[in-house]
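Student: compute the structure for the input listed below.
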Amino acid sequence: MAAHAVPALYAVVIWWFSTGLIILLDHRPRATHPWSMAGGTLVLAGALWAIGASAADTSEAGAYTAFTGALLVWGWQEMSYYMGFVSGPRTQACPPGARGFARFRAALATSLWHEAAIIAGGLAILWLTWGGPNRFALWTYLILAAMNLSARLNMFLGVRNLNAEFLPAHLAYLAGFLRNRAMNPLFPVSVALAGLGTAWLAGAALGEGLDAHERVGFTIVTTLMALATLEHGFLMLPLPSAALWAWSLPGKGTDALASPSRGAGGAEYGATAPAPPLPARGREARETVG
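Tutor: Numbering: from 1, shown residues only. From the prediction side, this is the model:
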């Protein structure tokens with residue numbers, strides 16, 4: 001088991017730190033966002049280059065590079081959305097009285113370009129790794145995208161814990177698209193499928209006959225999947241999970257630490273995270289569609 005400890009710890013640390021860094025940058029003054037995005041875009045270019053270069057690398061370093069590159073690509077997706085550069089055609093609150101498909105369509109319009117960018121990022125990684133033996137960048141990105149979508153849908157349908165402090169002020173209008181509920185029909189399905197996915201990946205990581213590259217890669221993506229599943233649990237369980245990223249909210253860390261019932265605002269930023277990876281919404285969400 002010692003051979004799995006280092007890659008698992010690496011996945012946990014980089015997930016935690018990258019999530020907090022994105023939250024920190026998103027909450028800096030708006031004047032800093034163009035500079036942050038410029039730097040983030042340079043990092044994106046480097047990450048895509050590293051993913052392509054590592055596609056043929058079947059060493060342990062290749063697995064670490066692939067995972068890190070995909071996580072950086074995902075970080076750009078989250079930054080561009082939460083800073084308002086790649087979001088959607090709608091930048092207004094939920095229409096009063098909107099229900100059912102009309103409410104879903106309005107919510108989708110707030111992130112339509114973001115969803116398209118996520119698909120484009122996945123296709124880029126698929127192209128860069130096509131035919132190569134190292135596909136862990138693609139695995140990583142697909143886990144992040146799928147679990148992020150699951151978290152979004154669950155928060156749209158309603159979850160128990162909503163963290164308003166993780167939502168940048170310029171995106172306050174998103175609060176009206178979410179619900180505060182004790183449970184929704186999708187949540188048990190999401191957690192069950194995520195748990196099965198984690199178990200399957202863990203079985204692959206612990207399988208016989210793996211070389212060092214495969215052992216490291218499968219351990220990392222298993223850990224990422226487990227973290228994404230845990231983040232889903234944070235949406236419902238009364239745990240002080242916001243304290244994990246209190247350091248990334250200058251002037252708000254005390255509130256995060258003092259509100260254990262609010263849950264995991266970092267879910268969308270991190271896996272599901274990330275993004276991360278979902279910033280939560282408080283009283284305003286409760287007063288809208290219920």
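
Student: show the backbone phi and psi for residue 180.
Tutor: Taking degrees, to the nearest 10, you get phi -110, psi 110 for the backbone angles of residue 180.

Student: do you know how far it is from residue 160?
Tutor: According to C-beta to C-beta, to the nearest Å, residue 180 stands 7 Å off from residue 160. All C-beta spots, glycine's among them, are computed from the backbone N, C-alpha and C.

Student: and for residue 168?
Tutor: Counting by C-beta to C-beta, the gap from residue 168 to residue 160 is 23 Å.

Student: looking at the protein, which residue ends up farthest from its center?
Tutor: Ranked by distance from the centre of the chain (C-alpha atoms, centre = their mean), the top residue is residue 209, with 32.0 Å.

Student: let's test this: mean pLDDT of the helix or strand containing residue 214, rounded?
Tutor: Per DSSP states H and E: residue 214 is located in helix 212-234. Helix 212-234 shows a mean pLDDT of 95.

Student: so how far is that helix off the chain centroid?
Tutor: Here the centre of helix 212-234 is set off from its chain's centre by 13 Å, with C-alpha atoms, centre = their mean, to the nearest Å.

Student: which of the residues in that helix are buried?
Tutor: 213-234 (16 or more other C-beta atoms under 10 Å).

Student: same question, stretch 76-96
Tutor: Going by neighbour count (16+ other C-beta under 10 Å), the buried part of stretch 76-96 is 76-83, 85-88, 90, 93-94.

Student: same deal with stretch 174-187?
Tutor: By 16+ other C-beta under 10 Å, the buried positions in stretch 174-187 come out as 174-181, 184, 187.

Student: what is the most widely separated pair among the residues you listed?
Tutor: Longest distance between any two of these is 20.6 Å, between 176 and 187; criterion C-beta to C-beta.

Student: which non-adjacent residue is nearest residue 26?
Tutor: residue 82 (4.4 Å; C-beta to C-beta, 6 or more residues apart in numbering).

Student: and that neighbour, how far is that from residue 226?
Tutor: Noted for residue 82: a distance of 25 Å to residue 226, by C-beta to C-beta.

Student: distance check, residue 175 against residue 77.
Tutor: Separation of residue 175 from residue 77 (C-beta to C-beta) stands at 21 Å.

Student: sorry, that was for residue 69
Tutor: Taking C-beta to C-beta, one finds residue 69 at 13 Å from residue 77.

Student: state the mean pLDDT of stretch 19-32.
Tutor: 91.

Student: circling back to that earlier point, show me which of the buried residues of stretch 76-96 is closest to residue 128.
Tutor: Ranked by distance to residue 128 (C-beta to C-beta), these are led by residue 76 at 14.9 Å.
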